[in-house]
Each structure stands twice: as C-alpha cells, then as structure tokens.
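K.L.:
The following comprises the amino acid sequence and a computationally predicted model.
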Amino acid sequence: MVEQRFADGGAVSPLGNRTFDPVVVVAGPGVEVLEHSFTDQLDVRLDPEPAVLGALGDRLRVAIPAEPNRVGRDGRRLALWLAPDEWLVLDPDNLEDDVARLTMEGGWPPDVTFVDVSAHRTLLELRGRDARALLARGCPLDLDPRVFGPDHCAQTLLARVDVILFRLDGTDAFGVLVRASFARYLVAWLTDALEGFYA
Amino acid sequence: MLLISCPWCGPREEIEFRNGGEAGVAAPEPDAEPTTDEISGFLFFRSNPKGSFHERWNHSHGCRRWVSLTRSTITHEIESESQPTGRFRP
C-alpha cells in the first residue's frame, strides 16, 4: 500500500529490494533468510467485544484471535494478536481492497481505528533446519514447536531489536516482522550470528 | 535479571519491561483543594522501603500493558502474582 518511492518511480524495500518476490538476504548451509518486500499490513484497534471481533473477522476474511499471542489464519492472510485491544493483519498479496471496503462500510463502534502500517515493518522469513537455533542466539523465548506452534505469535526482542515472531504456515519457517529502520541492523546481526554457527 | 510474568504474555525477561515506580500512588482529588504538600507528595515523594515494594512495570517491548507486582528490594524476589492495571483484564 505505502512504499518508499524514488525518483525513477520504483518502490524500494527497507533492505533495498525492488521486487514483490521474496529475496534471499542471508544464506548459510542450514538456514536462509528472505525478505518479503511490501507485505500489506493493517493495524486494528478496538474494544475486544466478541461480536465486533467476529464481524471484523468476517469482513477481513480471517479469524481475529481473542486469546493473547495467537494467530488467526486464512491462506496467506494472517491476523496477529498484539495487545488486548490491538491486532495486526498481514497479507503478502493484497489487503487494500478489503480495507477500502471496511472503512467505507462503516457501522463500527466509534473508537475503532484502522491504520495502514505497511511501511512500518518489513517481513523476514527464516527457513531451514537451523532457523530456530539461529533465532535462539538472540532471543530467549522457547521456540520449540511443542511450545510455539503455528497458532502462536510473540512480540519480543531479537538482538535488542523489537520484533514480532510467528510461524509461517505449514513449515518450520519463522516470520520475523522488524521495523523498517532496524531491518539492515538485524540482517547484519543475523549474518554475524551465522558466521560462528558452522565454524 | 528478573523474570517478570506478564498477565498476557507469560514469563518474560526483565529487558522487555520498563520500571514504572511505586504502584498505587493516589492523586489528590482536585475538588478537595489539595495543599502544596499533598501535591508535591503525590508528584515527588515515594516510600522507598527496604523489603517488600509494590511497583509497576510496563511490558514495553511486548504487549505494552502495565502490570503491578510486589518485589523485595533486598533479594529482588518477586513476591506476588503480576496484576494487570488499567482497563483490560486478561
């Protein structure tokens, strides 16, 4: 929805990518980090009334989780719990049409806010057999699949940077949402953490 | 390093939190025409005990909610369950 645009009209992601396709930014023998540039993101704040959450989920075509630190999924669209009154809806394909319809339709309680935060964070994917071990170098959370399953998400610190962690669907891959201005630092840290990994 | 239990996110490390000072400091009622001493007491003076201290923490790198708990200022042992403060209850 919102991208940084340069004089030539092309959008550039926080890691300098100019494509909508995932781009490998760090690679090692057992782990790969990719940037999914320009993932549409919508921040929703509202009172957690079950009826309103249900209506919002219907309208956005994804279940809005009422339970803390959980993820609702429908295909590639995700709804992440961020706070008792805040959710983040992600879609790598297109969220814009649904958001436009959502805001045009109205009928929401007066304190509801919908904010397009697509330019706020960029989405990194960590995949491969060593992805979890690499994350564990900078994050104290237990990311074992028995504890941190596909329906879990967490806001925490990874290498002293605020991130949102979750599992990408159906695989061992992790999604890491990092603020645009911290993305280069985090990739540099991941590269550095990987250096000593296979030594 | 303290391990602080967030009512929403579960046990998390201290670096995810920001200390918010003493909990339960009541503001003087404006209608009661508080004295200068009452106002400065509310603004600037805290109990600073040696032992159990009821304090607030903000889970600033997580869900950004406030919690209150009792901690020993001698041993740093957390002596109570974390309670959510504010509008939302888990």
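P.N.:
Cool, the structure landed.
K.L.:
Any stretches of chain A with poor pLDDT?
P.N.:
For chain A, the stretches with pLDDT under 70 are A:1-9, A:170, A:199.
K.L.:
For burial, what's the neighbour tally of residue 49?
P.N.:
Chain wasn't specified; assuming chain A. Residues lying near residue A:49 (other CB atoms under 10 Å in any protein chain shown) number 11. For glycine as for every other residue, the C-beta is placed from the backbone atoms N, C-alpha and C.
K.L.:
ah, no, chain B please
P.N.:
Using other CB under 10 Å, residue B:49 is surrounded by 12 other residues.
K.L.:
and it, what does it touch?
P.N.:
Remark: with contacts taken as CB atoms under 8 Å, 6 or more residues apart in numbering or on different chains, residue B:49 is in contact with residue B:73.
K.L.:
Distance-wise, check it relative to residue B:71.
P.N.:
Separation of residue B:49 from residue B:71 (CB to CB, to the nearest Å): 11 Å.
K.L.:
repeat for residue A:126
P.N.:
From residue A:126 to residue B:71 the distance is 36 Å (CB to CB).
K.L.:
who touches stretch A:83-103?
P.N.:
A:1, A:36, A:39-48, A:59-62, A:64-65, A:68, A:76-82, A:114, A:116-117, A:123, A:164, A:177, B:8, B:63-65, B:88, B:90.
K.L.:
What parts of chain A come near chain B?
P.N.:
Those residues of chain A that sit near chain B, judged by CB under 8 Å from any CB of the partner chain, are A:48, A:68-69, A:82-85, A:140, A:154-157, A:162.
K.L.:
tell me the phi and psi of the residue minimising distance to the centre of chain B?
P.N.:
Central residue of chain B (CA atoms, centre = their mean): residue B:56, 1.3 Å from the mean position. Per-residue torsions, residue B:56: phi -110, psi 150 (degrees, to the nearest 10).
K.L.:
The residue nearest to it when sequence neighbours are not counted sits in which helix or strand?
P.N.:
In space, and not counting its chain neighbours, residue B:56 is closest to residue B:20: 3.5 Å by CB to CB, 6 or more residues apart in numbering or on different chains. Using DSSP states H and E, residue B:20 maps to strand B:18-22.
K.L.:
Just list whatever residues bridge to residue A:113.
P.N.:
Note on residue A:113: beta-bridge partners by DSSP bridges are residue A:45.
K.L.:
That one against residue A:44, yeah?
P.N.:
Yes. At 7.2 Å, residue A:113 counts as touching residue A:44 under the criterion of CB atoms under 8 Å.
K.L.:
So those two - more neighbours on which side?
P.N.:
residue A:44 (22 against 11).
K.L.:
Quick check, that one in contact with residue A:108.
P.N.:
No. Here residue A:44 lies out of contact with residue A:108, judged by CB under 8 Å, at a distance of 10.0 Å.
K.L.:
The residues of chain A next to chain B, buried ones only, as a ChimeraX selection?
P.N.:
Entered in ChimeraX, the line below selects the buried ones among the residues of chain A next to chain B, by 16 or more other CB atoms under 10 Å in any protein chain shown:
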select /A:68,69,82,83,84,85,154,155,156,157,162
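K.L.:
what's the burial count for the nearest residue to residue B:6 once chain neighbours are set aside?
P.N.:
Once flanking residues are discounted, residue B:6 sits nearest to residue B:59: 4.9 Å by CB to CB, 6+ apart. By other CB under 10 Å, 22 other residues sit near residue B:59.
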